[in-house]
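[1] Got a predicted structure plus its sequence, pasted below:
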Amino acid sequence: MSVLRAEGMCKRFGGVSALDGVSLSLAAGTVHSVIGPNGAGKTTFLNLLCGIYAPSAGRVFAGERELTGAPAHAFARAGIGRTFQTPQIFLNMGALENVMAGRHLHERCGLAAALLCPPWRARAERDCREQAAQLMREVDLGQWLHAEAGALPYGALKRLEIARALAAQPEALLLDEPAAGLNARETHEIDELIRRIAARGIAVVLVEHNMRLVMGVSDRVLVLDYGRALAEGSAEEVRRDPRVIEAYLGAEALAA
Amino acid sequence: MLGRLASARTGGMLALAAALALLPLVFANNYHYEVAILVGLNAIIAVGLNLLIGYAGQISLGHAGFFGVGAYGSAILSARYGWPPLAALAASTALTAALAYAVGRPILRLKGHYLAMATLGLGVIVSIVIATEDRLTGGPDGMGVPPLAAFGAALSGERAWYALVAALLVLSVWLALNLIESPHGRALRALHGSEVAAEAIGIDSARHKVLAFVLSAVFASVAGSLTAHYSGFITPSRVTFLHSIELVTMVVFGGMASTFGAVVGAALLTGLPQLLTVLKEYEMVVFGAVLMATMIFFPKGLVPSLAAAARRFAR
Amino acid sequence: MSAALLQYLLAGLTLGAIYALVALGFSIIYNASHVINFAQGEFVMIGGMATVSFLGAGLPLAVAAALAVVVATLVGLALAKFAVEPARGASVVTLIIITIGASILLRGLATLVWDKKIHALPAFTGEDPIAIAGATIVPQSLWVIAAASAVFAILWWFFNRTLAGKAMLATSHNRLAAQLSGIGVRRVLLASFGMSAALGALAGILIAPITFTSWDAGVMLGLKGFAAAMLGGIGSGPGAVLGGLALGLAESLAAGYVSSAYKDVIAFAILLAVLVFMPGGLLGARAAERV
């Protein structure tokens, strides 16, 4: 039973077909990368997988449940988490509060309890704070616990977004170019983080341009080109596929 | 860190309660009580509206409409149908909540200026209906409202009203602060920060926007009902676009996303026209100029700018 | 077509033309600055009231009207320079309050410069109603429709055929790119306020003989112009015209067939319905948020 399954996903914007007939089946604890040139439809695909877009055709399943056409928060409720190409951090909050917000789905608090603040609320807040702090330490953001979100440097913001997504305890995590704009050391840290996440049993979909990262961490790779699936297989298979080499990887990647 | 937060909030509440308790000592006559009561009622509305504008990041240019539903609901039920004032208040509040929920769901899908326009239109519709249905509402001339009475005793006299309004203001602030620091409050601030990211962590942004909208409408409605009973009279002039703008300005003056700021903003904006009446025919000119100048030079709100300046001065 | 229906349509067309002029003012300013100018209605008021003053000073109507438009344009430029420009980059709500403060200020000034009484302007070419297929229309209505149509044509030509107009449109689409292309965006802001003020003043002068004018005549007109602009899709010129006409016709038909007291309610209710079902307005584009 796959954690996340997409069948024949199509997305049209007006007359333009951004995605045409792309399928994916995601098993727990595996890392599935989606690569392709700019404009190939990678982010569109991710948006379809987490419900930000509704598909023009095709279906999406989380486990047994069909989620096609459901609103984005329903996808989140079904266990699908997401980070964004440009970090969508809640800049109007502290860094820790961002991660606490990620706990939303697991906090039991009715409106009356929220307004009247019975004694158990204080303990619940404390627990939420602790869990969030723990997550921040796990992604190596321990020094930023008391900072405003806006104070974090770019690399830290990307990790903060991952921590926030993890706070929701997702079964599948969609990462949109987590290494973009990071230097070699930070990229290595992201690599380690992705491995730790997958080791926990979370299925990861990774959209990335950094080929070394992709080839090193992926169990399976899907190559998109002009909105269509060009090839799919293990990292090695994809690397050697002549169609992929011709369309995308090029001579430099062969040498890497 | 939790301790620090709790003490900041408790400190603020204590300061507010102390200020409200000690304020009457400087009142020289009933007029001062009157202004204070008006400030308090406006502050209650501002605290609620701040949840919508400051925290959830939405906008409403029609909240005077909810004030009007509360005021006229209480007035009509108690004056024309002889309902006990508390029952009338409860019924009006329920009606406002239902109205806010019904219109909130569709129009809160709008953003920015479109949302502003929709709420503006809503407020105008309410005010026209109130002014036109004169058999029920007394039309442009308004209608009388019986005093607020419960269990046989009527609330009368400035001191009694001041005590009631002050207590309700403290209650409103407490409720608002509780909400803000709860998961609901975080959800509101999250959808203000980035709606798409909020949805991605499971926050139903539509539901939470409607929640903030309905809550702010309820605060406005209760304040409206109380205003009607306090004044003994209500006219459609309180249910205008201008009043809606005053309410928004109170929140902005106080610095959005600050509950105590909203209270200060209400005090400033209610007190200012009272000061300006001495200028007679120059009142509008000065009021308009003050509004413009404050927003141009203190775009983040008067209270946060002054607070920041005070902090710099203290260093 | 019944005479009554024709009557309402003609009245609606007249009203709609005025709303369209005011709505265009909103859209032009919005395009240049993303500001909703809540003082737009006051330009309408200044147009009417200033003309009354100049006329009272003995000037011929055409000169008085022209001077009034100049006065309004100057007020618009002042508003842009001293209120909106310094607040560049402030939040939507802050800018709304600034222009609302401006509208209060202008109304206060109106009561000082003029008074709180209602004033009338003489109709341009007489008051005798003209009969058209059983319906009557005052000559002033024809002036309104003709003048407004001429203005729409001139503006269409300006924004689509002249470099200056295209530069203003470019600024609305992408301010930074426009700046980098050498377009003086600050001048565009000033020009947009000046143009909108002139449009508003013209509307005020055209309608004053029919509906009279006073210090607060601009409030409802401004609100309805805003509604019309939203109805058509804010920022769209054709949308402003379409929205204005639609609102005017809706209001007139509602006043005639449903209830004169509730005509405004119906107009705003239609607006709300359109916004709910077509969030971008009739002609507005649905902007996609890219993440």
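    It's in.
[2] what about the residue in the stretch 1-150 of chain C positioned nearest to chain A, how many residues close to it?
    Evaluated by Cβ to the nearest Cβ, the stretch 1-150 of chain C has C:Ser91 as its residue closest to chain A, separated by 12.1 Å. Glycine gets a C-beta too; all of them are placed from N, C-alpha and C. When neighbours are counted by other Cβ atoms under 10 Å in any protein chain shown, C:Ser91 registers 16.
[3] C:Val258 now?
    Burial of C:Val258 is recorded as 12 neighbouring residues (other Cβ under 10 Å).
[4] Could you find the closest non-adjacent residue to B:Leu38?
    In space, B:Leu38 comes closest to B:Thr270 once its chain neighbours are excluded; the distance is 5.5 Å by Cβ to Cβ, 6 or more residues apart in numbering or on different chains.
[5] how near is the one you found to C:Ala133?
    B:Thr270 sits 56 Å away from C:Ala133 when distances are taken as Cβ to Cβ, to the nearest Å.
[6] Stretch A:40-53 close to chain C?
    Yes. When contact is scored as Cβ under 8 Å from any Cβ of the partner chain, part of stretch A:40-53 falls within range of chain C: A:Thr43, A:Asn47, A:Ile52.
[7] again, but for stretch B:213-221
    No. Stretch B:213-221 does not reach chain C (Cβ under 8 Å from any Cβ); its nearest approach is 14.4 Å.
[8] Would you mind writing the CA trace of that stretch as PDB?
    What follows is the C-alpha trace of stretch B:213-221 in PDB, where atoms were taken according to Å, rounded to 0.1, in the frame of the first residue of the first chain:
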ATOM      1  CA  PHE B 213     -15.000  37.500  11.500                       C
ATOM      2  CA  VAL B 214     -17.900  36.200  13.600                       C
ATOM      3  CA  LEU B 215     -16.000  36.800  16.900                       C
ATOM      4  CA  SER B 216     -15.300  40.400  15.900                       C
ATOM      5  CA  ALA B 217     -18.900  40.800  14.800                       C
ATOM      6  CA  VAL B 218     -20.100  39.500  18.200                       C
ATOM      7  CA  PHE B 219     -17.900  42.000  20.100                       C
ATOM      8  CA  ALA B 220     -19.300  44.800  18.000                       C
ATOM      9  CA  SER B 221     -22.800  43.600  18.500                       C
END
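[9] Give me the contacts around it.
    Around stretch B:213-221, the neighbours that count as contacts under Cβ atoms under 8 Å, 6 or more residues apart in numbering or on different chains are B:44-45, B:47-52, B:58, B:60, B:63-64, B:66-67, B:69-70, B:73, B:92-93, B:95-97, B:99-101, B:104, B:108, B:172, B:179, B:247.
[10] next one: stretch A:226-239
    Residues from elsewhere that reach stretch A:226-239 (Cβ under 8 Å, 6+ apart): A:17-23, A:33, A:36, A:39-41, A:44, A:214-216, A:218-224, A:241, A:243-244, A:247-249, A:253-254.
[11] If any of those are buried, put those into a PyMOL selection.
    Here is the PyMOL command that picks out the buried ones among the contacts of stretch A:226-239, judged by 16 or more other Cβ atoms under 10 Å in any protein chain shown:
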select buried, chain A and resi 17+18+19+20+22+33+36+40+41+44+214+215+218+219+220+221+222+223+224+241+244+247+248+249
